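>>> Return atomic coordinates for the entry below.
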Amino acid sequence: MTLTQPDVSVIIGAYEAMPYLVDCLASVEAQTIDHARIEVIAVDDGSTDGTGEYLEEFAARAAMPVTVIRQDNSGGPSGPRNVGLGKAAGRYVFFLDADDRLGPEALQRMVAMADENGTDVVLGKVEGVNRSAPKSMWGTSVGRTDVFSSNIKFTLSAQKLFRRSLLEHHSMRFDESLFTGEDALFTMEAYLRADGVSVVADHTCYYLVGREDGKHVTKSGSYVLRFDSARALMTLIADLLPPGPKRDVLMVRPFLVTLLPQFGPRYLRDTEEVRRHKMELARPLTQMYWNEDVARRLRVHERLRLHLVATGRQDLLEDVVEFVRAKKEASAVLERKGRRLYLAYPHFRDAPAGIPDSVYLAGPREARTFPGYREDIVGTFVQRAARKVRRALPARDGAARGGRAAAA
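Next comes the predicted model:
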């Protein structure tokens, strides 16, 4: 009998996953793709609630091949995923968390999308159940895109279809030294190394389930772990991309999603010692990667807080965070016949503070919501044209390819 390579290896890392595991595995059984085309590799990471026993019961009756591996607790999701990846035989792999579930046509649609377009990563539409889920990238299905010209950089969870040859060629594995953000590191690297990314937006492929008991496979971690995650992602981006617009586009993600929340409402509850420590942890990251091109891509209150962090102005930061926490609206200051709009958050044009006006300058997208603003069409056109020219420079493209090759 000739063994046929499966299309998809579904890798499930499970820790204390009952009773959510029941619906998770049922969603795998309900897949419309031929069961002969998939295999399941489930790794019980030292559970004590019957997770391992239920996986073995499932393996004994399932219509598709199921491999169950039971091991001592590793302390995080990376270990089980890496173990599963090492056993995978499919052309593609899909990482399924044990408390989530698949949409019925998920694997069939994602495999078809990858095969049709020759892409290495496929994102399937995600829907939150008792929790939020990313939304900005599901407007329409896209056969081929990349991380620079889409919003996929804002969904870096591991629950995607990856071409296994891509992962093996670059020896890609999850970083077991990280206890949060390990999936962001893995997925961003896959985006950057991939020969194209596809998006399936017309079918809910993944249900992201919020557990009622508050437990999740991924540990929330302390603020120090969040800075570790941001540092790792920024370092990866810098290693694979030279300085320039492409790097700046991607640096927005760790600054906005990982770093900025540390200087949001929770900052007001921090002790003075923790506040100083956060500033110390942020300092090397802002010195290396914070610049005007990253800053201008953010909204004013986001830019202002990170500017104060980057310049070490802890004395001014609390006022701004309190203003944002209270959901106050900054007054608009229109100049140049309505073509320039500043948002007067705390310390705007306060001489002792010395914060440049440019920090408070609203970009066109943010400014359009204010009555009286008149967009400078000519200026915007010139800026966009200049950015396109910079991106098209042969030297820049050559350097980008050289950077990726060196990192490979």
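>>> And the helices in the stretch 101-250 of the chain, which stretches?
106-117, 164-169, 182-193, 223-240, 245-253 (DSSP state H, counting those that start in this stretch).
>>> Could you do the stretch 251-400 of the chain as well?
Counting by DSSP H, counting those that start in this stretch, the helices of the stretch 251-400 of the chain are 265-269, 272-289, 292-295, 300-310, 314-325, 364-367, 377-392, 394-407.
>>> returning to that earlier point: right, so of the helices of the stretch 101-250 of the chain, which gets closest to Arg91?
For Arg91, the closest of the helices of the stretch 101-250 of the chain is helix 164-169, at 6.2 Å, according to Cβ to Cβ. For glycine as for every other residue, the C-beta is placed from the backbone atoms N, C-alpha and C.
>>> Check which helices and strands that closest one sits against.
strand 92-97, helix 182-193 (3 or more Cβ pairs under 8 Å, 6 or more residues apart in numbering; DSSP states H and E).
>>> Repeat the analysis, applying 10 Å as the threshold.
Packed against helix 164-169 by the contact rule (3 or more Cβ pairs under 10 Å, 6 or more residues apart in numbering; DSSP states H and E) you find helix 78-87, strand 92-97, helix 182-193.
>>> looking at these, which is buried most?
The highest average neighbour count among the helices and strands packed on helix 164-169, using mean count of other Cβ atoms under 10 Å, belongs to strand 92-97 at a mean of 25.
>>> That one pairs with which strands, and in what direction?
Paired strands of strand 92-97, with direction, are strand 8-14 (parallel), strand 161-163 (antiparallel) (DSSP bridges).
>>> Contacts for the last one, please.
Right, strand 161-163. 7-9, 11, 85, 88, 90-95, 106-107, 109-111, 113-114, 118-124, 169, 172, 186-187, 190, 194-196, 198, 200, 205 (Cβ atoms under 10 Å, 6 or more residues apart in numbering).
>>> Can you turn the buried part of those into a ChimeraX selection?
A single ChimeraX command is used to select the members of the contacts of strand 161-163 judged buried by 16 or more other Cβ atoms under 10 Å:
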select :7,8,9,11,85,88,90,91,92,93,94,95,106,107,109,110,111,113,114,119,120,121,122,123,124,172,186,187,190,194,196,198,200,205
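>>> which residues touch Leu298?
252, 255-256, 260, 304-307, 363, 366 are the contacts of Leu298 under Cβ under 10 Å, 6+ apart.
>>> which of those lies closest to Gly354?
His307 (11.3 Å).
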